[in-house]
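[1] heads up, no residue letters with this:
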């Protein structure tokens, strides 16, 4: 009986060892797959980090260009009757930039990305001012400039 018991015990142990070896092989495959996946994601992260840095630099250059040169907008002048050298008020409401004439009529509104860009410039300590640089019967050109900081 003891031999039969020992044989049965050894068989169970051997089966258990085989099961553990299969689990080990499966886990090693899984680790290898995860390692490959992690490496791919690390490469993608590095690439995206580089692209972000590049885009940040371009955005900085763009903001500096706007700060140094200003930006001009053409608006319909039929109703507004703007005249050259009229001062235009610059107002911010949330992420929206609003240009208003001396009668508080809205001349131009920049929403979403345009407003966010102007808000970024203002948050850097610059102030915005606007003026009509050309006025014709149908159209007027308004220039927004930044000063300060």
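    Looks like it arrived, so ask away. All values reported here derive from a predicted model rather than from experimental measurement. Numbers count the residues shown, from 1 in each chain.
[2] Am I right that residue 134 falls within a strand?
    Yes. Per DSSP: H, G, I helix; E, B strand; the rest coil, residue 134 lies within a strand segment.
[3] Run through the residues that contact it.
    84, 140, 141 (CB atoms under 8 Å, 6 or more residues apart in numbering). Bear in mind the C-beta positions are built from the backbone N, C-alpha and C, glycine included.
[4] The first one belongs to a strand, doesn't it?
    Read that as residue 84. No. Counting by three-state DSSP, residue 84 is not part of a strand but coil.
[5] re the thing from before, quick one: which of the contacts of residue 134 has the most company?
    Within the contacts of residue 134, most neighbours by other CB atoms under 10 Å means residue 140, with 25 neighbours.
[6] What is the three-state secondary structure of residue 52?
    Here residue 52 is recorded as helix under three-state DSSP.
[7] burial measure for it, as a count.
    Neighbour count of residue 52, defined by other CB under 10 Å: 10.
[8] With residue 99 instead?
    Residue 99: 20 surrounding residues under other CB under 10 Å.
[9] The one 3 residues further on now?
    Under the neighbour criterion other CB under 10 Å, residue 102 is assigned a count of 11.
[10] buried residues in the lowest-mean-pLDDT helix or strand in the chain?
    Lowest by mean pLDDT, DSSP states H and E among the helices and strands of the chain is helix 112-123, with a mean of 87. For helix 112-123, burial by neighbour count (16 or more other CB atoms under 10 Å) applies to 114, 115, 117, 118, 121, 122.
[11] just stretch 72-79 next, same as before
    The neighbour-count criterion (16+ other CB under 10 Å) identifies 73, 75, 77 as the buried residues of stretch 72-79.
[12] What lies in contact with that stretch?
    With CB under 8 Å, 6+ apart, stretch 72-79 has contacts from 82, 99, 107-108, 133, 135-144.
[13] For this protein, which segments are assigned as strands?
    Counting by DSSP state E, the chain has strands at residues 71-76, 87-93, 96-100, 106-110, 126-135, 139-148.
[14] So which of those is nearest residue 13?
    strand 96-100 (75.2 Å; CB to CB).
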